[in-house]
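Chemist: sequence first, predicted model second:
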Amino acid sequence: MLEFLRGRDVLVAGWGVSGRSLIEPLHDIGARPVVTDDGPGAMAEAAELGLATATGPSLLEPDGLQRFALVITSPGWRPDSPVLATAVAEGIPVWGDVEFAWWVDQARLYGPVRKWLVITGTNGKTTTTQMTHAILRAAGIPSVACGNIGLPILDALRRTPGPQVLAVELSSFQLHWAPSVRPEAGVVLNVAEDHLDWHGGLDAYAAAKARALMGRVGIVGLDDAVAASLARKSRARRTVGFRIGVPADGELGVVDGKLLDRAFTKAAILAEVRDISMPGPAGIADALAAAALTRSIDVAPQFVKEGLQEHKVGPHRSTPVRELAGVDFIDDSKATNPHAARVSVLAHERVVWIAGGLLKGAHVEDLVEEIADRLVAVVLFGKDAPVIAEALARHASDVPVVELGSGDDAGMGAELTSEFDGADAVMDRAVRIAAGYARRGDAVLLAPAAASLDMFTDYTHRGRSFVAAVQALDEGDIGSTE
């Protein structure tokens, strides 16, 4: 499949982590990589490494793309970006780095073909991937967690000794550009409004997620209406589901506090709910998904239990930060869309909610209406804070709302929120205001329901900023607002 690239130029669109991972494999198959990127610093770095580069304008000149046998795009590049759209119009194949990694693996360039266990969904991907990897480790299966979780798949394939199984976290962007991937098993955890600005709508977003269901086993979260509906469209040879409830035949679920498999055997207890490090329904759902993936390749029940017991949830995912004067401070910076924020808020009875950022086309009306009766107060920041504030005015008009970054209450101009150091100052102010509204028994919860890139470098920066602000509080800050 890759022989057509030998001795040919291949355009690497995007000089990020995934773009860098392409270079050695392209050299190994005899192709000539050429890098393009919108950032001059990225282009300079590629040139310093001795790589050929091409600017966007030069590629858009007549016949500017015709010398390329293939364009491999980083996942963040939208299909309507000029270079990619022109390549498609001129009949030049456009692959994502995941698509290329799939064919590198199928070509056995770096050893025997691996089993791919693919994890996607609006929320819970990273936790499920980590749980899956923990179960595989407990079973003694050489494996690695890779993909959207941080390690490029190509780097995982080149490891020595090589893994037998890949726990592959894939975003909707990556799946959009990877139509050939046929995993050993793939799961769609849930589908809610997210990245609609990139995909153009929920149907296209769901269709991208559904590409995880094209291999030997497809797995869907039955408690999520959209994910469950994908079972009817699954192209997997076999499709099973999981639910937080009593499972039917062909499903995994929960009975009397125990995870039960009725899909890959008649009935087998896999673990207990108390074995799961991430509390609440989201953690149980992720554990069921990881169990289904690993059971699909015949991992024994005892290793599912051992892996879930060993797994520890990563930072910024409903992570308790501190208890101060009877108030719990919770960091769920990873709640980057309304669906994730909903799960986070509903885990607590009374919440002082800290939220805001980039909604990416997602709607918050249903979220705000559902959680309104749990809200003690709300502190908002970021570009789309006014959108959330308007929803709160309609559905929770009696809840105090403070917007920061507009000059009101924050004592700072909107321009400050565009600088990362200013973002930390805004977070500190948000936490202090939230603490002032909190009373014993309340939770002060960072669950932004939005992406972070309007103010912070990423969601981890936002979470660290929250943690630092919470650690700086003292008991006098609690309940200080009359």
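Modeler: Right, received. Where do you want to start? Numbers count the residues shown, from 1 in each chain.
Chemist: got the contact list for residue 216?
Modeler: 182, 183, 184, 185, 236, 237, 238, 296 (Cβ atoms under 8 Å, 6 or more residues apart in numbering). Glycine gets a C-beta too; all of them are placed from N, C-alpha and C.
Chemist: give me every residue that touches the first one.
Modeler: Contact criterion Cβ under 8 Å, 6+ apart gives 214, 215, 216 as the residues in contact with residue 182.
Chemist: now it: how far from residue 110?
Modeler: 19 Å (Cβ to Cβ, to the nearest Å).
Chemist: ok, residue 61 next?
Modeler: As defined by Cβ to Cβ, residue 61 lies at a distance of 37 Å from residue 110.
Chemist: more neighbours: these two, which one.
Modeler: Neighbours were tallied for residue 61 and for residue 110 using other Cβ atoms under 10 Å; the higher tally belongs to residue 110 (17 against 9).
Chemist: now do the phi/psi pair for the closest residue to the more buried one other than its chain neighbours.
Modeler: Closest residue to residue 110 apart from its sequence neighbours, by Cβ to Cβ, 6 or more residues apart in numbering: residue 157 at 4.7 Å. Here is the backbone geometry of residue 157 (degrees, to the nearest 10): phi -60, psi -30.
Chemist: wait, doesn't residue 157 sit right on residue 107?
Modeler: No. Applying Cβ atoms under 8 Å, one finds residue 157 not in contact with residue 107, separated by 10.5 Å.
Chemist: who has more neighbours out of those two?
Modeler: Shown here are residue 157 and residue 107; by other Cβ under 10 Å, residue 157 has more neighbours (21 against 14).
Chemist: who's in contact with that one?
Modeler: Going by Cβ under 8 Å, 6+ apart, residue 157 touches 101, 104, 105, 109, 110, 111, 114.
Chemist: and what of residue 263?
Modeler: Residue 263 neighbours (Cβ under 8 Å, 6+ apart): 240, 241, 247, 250, 251, 252, 292, 295.
Chemist: out of those, name the ones that lie in strands.
Modeler: 240, 241, 251, 252 (DSSP state E).
Chemist: tell me the centre residue of the protein?
Modeler: The centroid of the chain falls nearest to residue 125 when counting by Cα atoms, centre = their mean (5.5 Å).
Chemist: quick check: closest non-adjacent residue to it.
Modeler: Of all residues beyond its chain neighbours, the one nearest residue 125 is residue 169 (4.9 Å), with distances taken as Cβ to Cβ, 6+ apart.
Chemist: how about residue 88?
Modeler: Spatial nearest neighbour of residue 88, excluding adjacent residues (Cβ to Cβ, 6+ apart): residue 94 at 5.8 Å.
Chemist: in JSON lines, list the ones in strands among the contacts of residue 263 along with pLDDT and distance to residue 478.
Modeler: Compiled in JSON lines, those are given as follows (pLDDT from 0 to 100; distance: Cβ to Cβ, whole Å):
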{"residue": "240", "pLDDT": "98", "distance to residue 478": "47"}
{"residue": "241", "pLDDT": "98", "distance to residue 478": "44"}
{"residue": "251", "pLDDT": "98", "distance to residue 478": "45"}
{"residue": "252", "pLDDT": "98", "distance to residue 478": "42"}
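Chemist: what's the closest of those residues to residue 4?
Modeler: Closest approach to residue 4 among these (Cβ to Cβ): residue 240, at 37.3 Å.
Chemist: distance between the helix or strand where residue 25 lies and the chain's centre?
Modeler: Element membership of residue 25, judged by DSSP states H and E, is helix 17-28. Counting by Cα atoms, centre = their mean, to the nearest Å, helix 17-28 is centred 23 Å from the centre of its parent chain.
Chemist: pull up the pairing partners for whatever helix or strand comes next after it, direction included.
Modeler: On the C-terminal side of helix 17-28, the nearest following helix or strand under DSSP H and E is strand 32-36. Taking DSSP bridges as the criterion, strand 32-36 forms sheet pairs with strand 9-13 (parallel), strand 52-53 (parallel).
Chemist: let's have these in CSV, adding mean neighbour count and distance to residue 207.
Modeler: Converted to CSV, the strands paired with strand 32-36 look like this (neighbours: other Cβ atoms under 10 Å; distance: least, Cβ to Cβ, whole Å):
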stretch, mean neighbour count, distance to residue 207
strand 9-13, 23, 22
strand 52-53, 16, 34
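Chemist: out of these, which gets nearest to residue 129?
Modeler: strand 9-13 (25.4 Å).
Chemist: contacts for that closest one, please.
Modeler: For strand 9-13, contacts defined as Cβ under 8 Å, 6+ apart pick out 19, 22-23, 26, 31-37, 52, 54, 59, 65, 67-74, 77, 83-84, 87.
Chemist: emit the PyMOL select command for whichever of the residues you listed are buried.
Modeler: Selecting just the buried residues from the contacts of strand 9-13 in PyMOL takes one command, with 16 or more other Cβ atoms under 10 Å as the test:
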select buried, resi 19+22+23+26+31+32+33+34+35+36+37+54+59+65+68+69+70+71+72+73+74+77+83+84+87
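Chemist: separation between the nearest residue to residue 85 once chain neighbours are set aside and residue 13?
Modeler: Excluding its sequence neighbours, the residue lying closest to residue 85 (Cβ to Cβ, 6+ apart) is residue 79, at 6.9 Å. Shown here: residue 79 relative to residue 13, a distance of 12 Å by Cβ to Cβ.
Chemist: tell me the one among the contacts of residue 182 nearest to residue 398.
Modeler: Using Cβ to Cβ, residue 214 is the member of the contacts of residue 182 that sits closest to residue 398, with 48.7 Å.
Chemist: what sits against that closest one?
Modeler: Residue 214 neighbours (Cβ under 8 Å, 6+ apart): 181, 182, 183, 186, 234, 235, 236.
Chemist: and with 7 Å instead?
Modeler: The neighbourhood of residue 214, defined by Cβ atoms under 7 Å, 6 or more residues apart in numbering, consists of 182, 235, 236.
Chemist: I'm done for today, thanks for sticking with me.
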